[in-house]
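# coordinates for the following, if possible.
(2 chains)
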Protein chains: 2
Amino acid sequence: MSLLVVGSVALDTVETPFGRAEDALGGSATFFSAAASLLHPVQLVGVVGDDYPVDALRFLAERNVDLAGLERAHGESFRWSGVYSYDLNSRETLETRLGVFADFAPKIPEQFRDAEWVFLGNIDPELQINVLDQVHQPRFVACDTMNLWIEIKRTRLLELLGRVDLLLVNDAEARQLSGNSNLSRAARWIMDRGPRYLIIKKGEHGAILFTPHSTFFAPGYPLEDVFDPTGAGDAFAGGFMAHLAQNGRVEDGDLRRAVVYGSVLGSYAVEKFSVERFRDLSVDEIEERVRHFREMTMFELPVDAGV
Amino acid sequence: MSLLVVGSVALDTVETPFGRAEDALGGSATFFSAAASLLHPVQLVGVVGDDYPVDALRFLAERNVDLAGLERAHGESFRWSGVYSYDLNSRETLETRLGVFADFAPKIPEQFRDAEWVFLGNIDPELQINVLDQVHQPRFVACDTMNLWIEIKRTRLLELLGRVDLLLVNDAEARQLSGNSNLSRAARWIMDRGPRYLIIKKGEHGAILFTPHSTFFAPGYPLEDVFDPTGAGDAFAGGFMAHLAQNGRVEDGDLRRAVVYGSVLGSYAVEKFSVERFRDLSVDEIEERVRHFREMTMFELPVDAGV
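This is a model prediction of the structure:
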């Protein structure tokens, strides 16, 4: 049940009210892999410059992240720097230097082309389509996107939507893409364009999963100390896809559980800078929060108790 | 298991993108009673001026809202008018005319003083305390408040918190009251001041119930057409308190179910202007949404299936 991710591998400089991290491991493929690999092996495709501290990725390789698709190009690595507001609810991008990422043309290694579970991280929809042209018969394809592509690559993005099983976006992106401020209506609009499934992330307010059969609401995992929100969405995607790949099914019940695993991995992501929290996170800790999630959302109706 | 509500009985003039209602039935006690009385008898205490169309409240009296505590004073009734933004997420108050409400000194009729379940709608904390001084031995007291009282009547409000079982506020109010932007921390701060239970309402994002034993997250009921948000919070309180009064218990499981009933009644409130949606709402319709609520939030872990 191979799981492939294509996305950015970056160096992040992040400032939060609690401190600053300079040139830390970042990028969608990095966060996705760090989270997902706790549950399932991952095949990573991305590009870094010759300045990238590739050794720092060794902890991923040591737990079944296959880096055979990590291209090393001549030039500078993708760098992003940003500063978060005092309550962490907004952030300002200080600088984005694409470097070798500007000419990224994902080449899927031969041995990755049979991937069954595919996650297309937030990159240009043209490249996401290009990846799909290279994989043979994926069983389940999910993709992310962002406001920039919705704005400047709308046609290609809509073409992509016709070829994926699931779109994963935040509420602002769902509204922007559909032109509808009501999330239920926005969801219907998006699913009419192709994806059988849709997840709308609402940050601290949780996530909504839409399937043809039902809607599932997961709250945000309550944290008293959020340290650095960077990468939470990609860690969510990693937990979500890894749970599906691990179980090999996409029934509504599997997708719901996968949303919970995604929420839990996202909640751990924000507890430290960069991917630090994933270095020594245990499966037991993940399962503990999954159980807590259930405890926080369940209620019984008289009929359950046989009354 | 008598249920008492003390609050405003007003005339609202509301403008939404979908229309306008003039001098429509409004006020916290009105919305509370219209919602709660679908599930349980209610005793109402409030004041109106001699211009109030008291006949319009007859539909409440006809379904077990005891209006013996509705005082008719000489003067104008409390009037509020406001206009909602195009997406209904914000509103501007155009005018507040307190009228006879300015001198409201709640007098609890003798036959209401044994009330077991008491809801103190959003009025001056001094008056809320005054009500508590008049009831004998309530089993469970819940109260609402607002930014104005947090600002200008903080000391009295804190005094009140020491005497209630549950506080019901929205997220902005919880943050303002506690001086903490993190809701988990804000909740602990508030519960340290007295209330054993706390509900933080987050509008379309649902509500969180905090008890000494656990935290419960309920999503907002998803609606494609929100017509008029006025009164949703008081209808929530009505559904919540009526479910408790109906069952006579306040175990965590009861409180969780009550939050769901509150959310459902709140969701119906916004489908029409004023209390219109409650005129012919059936218990079956309420139960249907409660079941849908459960369907939207449940997920199974392998252990549930005995795997």
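# list the residues that contact the closest residue to A:His205 other than its chain neighbours.
With CB to CB, 6 or more residues apart in numbering or on different chains as the criterion, A:His205 has its nearest non-adjacent residue at 4.1 Å, and that residue is B:His205. No exception for glycine: its C-beta is placed from N, CA and C like everyone else's. The contact partners of B:His205, by CB atoms under 8 Å, 6 or more residues apart in numbering or on different chains, come to A:202, A:205-206, B:219-220.
# dihedrals phi and psi, B:His205?
Main-chain torsions, B:His205, degrees, to the nearest 10: phi -90, psi 0.
# next one: A:Asp144
phi -110, psi 170.
# which residues of chain A lie near chain B?
Within chain A, the positions adjacent to chain B are A:87, A:181-185, A:202, A:205-206, A:208, A:214-217, A:219, A:222-226, A:253, A:256-257, A:259-260, A:290-291, A:294-301 by CB under 8 Å from any CB of the partner chain.
# now with 6 Å?
A:87, A:181-182, A:184-185, A:205, A:215, A:217, A:219, A:222, A:224, A:253, A:256-257, A:296-297, A:299-300 (CB under 6 Å from any CB of the partner chain).
# of the contacts of B:His205 - the most surrounded one?
Neighbour counts for these, by other CB atoms under 10 Å in any protein chain shown, peak at B:Pro219, which reaches 24 neighbours.
# wait, that one touches B:Gly206, no?
Yes: B:Pro219 is within contact range of B:Gly206, at 4.2 Å (criterion: CB atoms under 6 Å).
# just to revisit the earlier point, tell me how far the residue nearest to A:His205 lies from B:Gly162.
According to CB to CB, to the nearest Å, B:His205 stands 29 Å off from B:Gly162.
# could you pull out the strands for the stretch 51-200 of chain A?
Remark: strands assigned in the stretch 51-200 of chain A by DSSP state E, counting those that start in this stretch are A:65-72, A:78-84, A:91-97, A:117-120, A:140-144, A:166-170, A:197-201.
# put the alpha carbons of the second one into PDB.
What that stands for is strand A:78-84. Only the C-alpha atoms of strand A:78-84 are listed here, as PDB (Å, rounded to 0.1, in the frame of the first residue of the first chain):
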ATOM      1  CA  PHE A  78      13.400  27.100  -1.300                       C
ATOM      2  CA  ARG A  79      13.300  29.400   1.600                       C
ATOM      3  CA  TRP A  80      10.300  30.900   3.400                       C
ATOM      4  CA  SER A  81      10.200  33.200   6.300                       C
ATOM      5  CA  GLY A  82       7.300  34.500   8.300                       C
ATOM      6  CA  VAL A  83       6.200  36.100  11.600                       C
ATOM      7  CA  TYR A  84       3.100  35.100  13.500                       C
END
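# quick check: angle from it to strand A:91-97?
Compare the direction of strand A:78-84 with that of strand A:91-97 by axes from the mean of the first three to the mean of the last three CA atoms, to 10 degrees and you get 160 degrees.
# sheet partners, orientation included, of strand A:78-84?
strand A:10-16 (parallel), strand A:91-97 (antiparallel) (DSSP bridges).
# quick check: mean pLDDT of the first one?
Regarding strand A:10-16, the rounded mean pLDDT is 95.
# ok, residues contacting that strand?
Strand A:10-16 has contacts (CB atoms under 6 Å, 6 or more residues apart in numbering or on different chains) with A:21-24, A:26-27, A:77-81, A:83-84, A:228, A:230.
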